[in-house]
Each structure stands twice: as structure tokens, then as C-alpha cells.
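Q: Need coordinates for the following:
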Amino acid sequence: MEKPNSSNALVCELINKGTREWNINNLNSWFLPEDREAILGIPLSSSNTPDRLVWAETRSGKFTVKSAYALALEEKVHNTRADCSDESAGKIWKTIWQLRIPQKIKHFASKAARDILATKSNLAKRKITPNGMCDLYVVKMRKQSVICYGAVIMPKKFGRIAGSGVVIRDDAGEVFAALSKKWKSPLGAIEAEAKALEAGVNFAREVGIREAEFESDSVVICNALQGLVSPPSSVVNVLAGIMNEVSYFRQWKFAHVKRQGNVPAHLLAQHAKNVEDFVAWRADCPSLIEHACMQDKM
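A: Prediction:
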């Protein structure tokens, strides 16, 4: 049997069916680091949501003639740049494709020649990321309410991981449960916000909460869940899974909250870099956020 690689692998082979996360071992074996990072940056829904077609050239994921025209012009420039106009250059490319080396190395050379590698600058050109700068800073995402949660993109020294913090409180403000969870994926800010909210909803359901108000400091995510705007294409399935999960609650509400008063969840999100997968607390307040919770109640 032919060994799977980036040219014949099926998407289902790249996903761990038990955890609904990317299969890191297969990704490492079959893809180049640039392609692997791009794949890991796509958040997966923890629910079994149906597949859907997404047009990657627009933020909404919907096809437009304008975006197709822009893509055609861009590809024309790249192809012109990569085309071998002279015979000697043509022989070089022919030799490269005949080399007995892994296909992914050949594909990498081809992409590099056409300047279509998944670099930050190229992703910014296609409006997949907000800018083309390297992520050398911490992006903080914090939320607070009956369930409050936060997500933070760690600096490169931690391997570009995303974390979330979840704090569940009762009407009196007492901590009922808390969670600190890590994803070993280079998620973007919006993607990390969506996965943090998903973690909060799933955790609340697991600990027996049936009436809850879920708050997020992401206006985009809150408006999308309330049906006010179309969600970004990268998180459509995650938000669809969230809506499926909240249907099990008797009462639920999504609301936007400013990030200033959410220290406990933010601390738990930062703490995620110290855990292997996740750590949860029940019926008590984690010592690392005890002081922050006291201050938050005042």
C-alpha cells in the first residue's frame, strides 16, 4: 500500500476521532512545517458538525467574483515570476521533479519559487491574518460572568500554543468550578477566542450547569452567535458546534463584556502553558486565582 503523503492523504486521517483534534504524528510525517502550521491553525469543532465548502479568499468564506478576479491576477503574477522562460531554467525544474526525494520537498520548492508559501505576509495579503508581522507578543483574551474564560496566544518560546481559562460562579460570585486548558496549535486570535468559548460551554455542561450566561470579550464572536453578523469562515464549524452544545441547557445567553475585569480567567489562561492538556477544579477556588477572585467580588 502506498504510504500516505500530502498529495493523497484524506482529511479524516489527519483528525483524531477520539479527541476531535489534529493528529500531530500524521501531520509531522506527511507535511512540511509551513503546511503543518497552517493546518494546525485551523480550529476543529469538538462536536460532529457537517462539512461545508469555504472560499478561502474572503473573510466570510463566501465566493465573490471580486475575490476570484483578485486571486486570478495574483496567480498570474506568481506564475509569471515562476515560469522558466529559458531552456536552461526549464531543464533545472525538470531535473528537480525527477529527483528521488519526498514529494513534499518538491512541492516546497515549487511553492517557494512562486512565493505562495503560508508566510505571514502572504496570509495577510489574502486577509487570512490581520497583518504580516511576526507574533512576538502576547495576545490576551479575557472574559467574565457566570462562566468566564480567557484565551492567550503564547510567545514563540512556548511553541505558539493557545490556552483558555474558565471560571464558573454562582449568583453570589462564589467559584463553583474552574478550568485551565491548552491547545498545542498556532491558533489566531479569533480562532483562540472561539475555542475558549467552546471550552467554557463544554465544561459548564460537564459539571452539571443547565442555566448559564456565557460572556466573551470578542465582539465578532458574540455578534456571530447572536446572528447579527456572518462568522469568519475559519470558525464557522466551531460556532456551529457551540450552538449545538448550548441546546442542552435550559437557559443560556451570550453576551459581550469588556476585558478589564476578567483577571481570574486571564490568569488561568496564562497558567495553561504549565499543563499538559488541562486541569480542572471543582467546588473550590484555585489557589493561583484566589486573590484575584476576592478582588473581583469587591
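Q: Can you show me the CA trace of stretch 168-177 as PDB?
A: Listed next in PDB are the C-alpha coordinates belonging to stretch 168-177 (Å, rounded to 0.1, in the frame of the first residue of the first chain):
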ATOM      1  CA  ILE A 168     -17.900  29.200  36.800                       C
ATOM      2  CA  ARG A 169     -19.500  31.300  39.500                       C
ATOM      3  CA  ASP A 170     -22.900  31.200  41.200                       C
ATOM      4  CA  ASP A 171     -25.200  34.200  41.800                       C
ATOM      5  CA  ALA A 172     -23.200  35.200  44.900                       C
ATOM      6  CA  GLY A 173     -20.000  35.300  42.900                       C
ATOM      7  CA  GLU A 174     -18.500  32.200  44.600                       C
ATOM      8  CA  VAL A 175     -16.400  30.000  42.400                       C
ATOM      9  CA  PHE A 176     -18.100  26.700  41.600                       C
ATOM     10  CA  ALA A 177     -15.600  25.300  39.200                       C
END
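Q: By mean pLDDT, flag the weakest helix or strand of the chain.
A: Least confident element among the helices and strands of the chain, by mean pLDDT, DSSP states H and E: strand 139-142 (a mean of 32).
Q: State the phi and psi torsions of Ala280.
A: Phi and psi for Ala280, reported as degrees, to the nearest 10, are phi -130, psi 150.
Q: Run a quick neighbour tally on the closest residue to Asp284 other than its chain neighbours.
A: The shortest distance from Asp284 to any residue other than its chain neighbours is 7.1 Å, reached at Val175 (CB to CB, 6 or more residues apart in numbering). The way it works is simple: take the backbone N, C-alpha and C, and place the C-beta from them, glycine included. Close neighbours of Val175, defined as other CB atoms under 10 Å, add up to 21.
Q: isn't Val175 right up against Ile168?
A: Yes. With contact defined as CB atoms under 8 Å, Val175 reaches Ile168; the gap is 7.2 Å.
Q: show me what contacts Asp277?
A: 181-182 (CB atoms under 8 Å, 6 or more residues apart in numbering).
Q: For the chain, give me the ranges with low pLDDT.
A: Applying pLDDT under 70 to the chain flags residues 1-9, 77-90, 120, 123-160, 259-262, 293-298.
Q: How is it divided into domains?
A: Domains of the chain are assigned by automatic domain parsing as 65-125, 139-297.
Q: most tightly surrounded among these?
A: Among the domains of the chain, ranked by average contacts under mean count of other CB atoms under 10 Å, first place goes to domain 139-297 (a mean of 20).
Q: Same question for stretch 52-59: list its buried residues.
A: Buried residues in stretch 52-59, defined by neighbour count with 16 or more other CB atoms under 10 Å: 54, 57-59.
Q: would a markdown table of the residues you listed with distance to Arg36 and secondary structure be doable?
A: Shown next, in a markdown table, are the buried residues of stretch 52-59 (distance: CB to CB, whole Å; DSSP: H, G, I helix; E, B strand; the rest coil):
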| residue | distance to Arg36 | secondary structure |
| --- | --- | --- |
| Val54 | 20 | coil |
| Glu57 | 22 | coil |
| Thr58 | 24 | coil |
| Arg59 | 24 | coil |
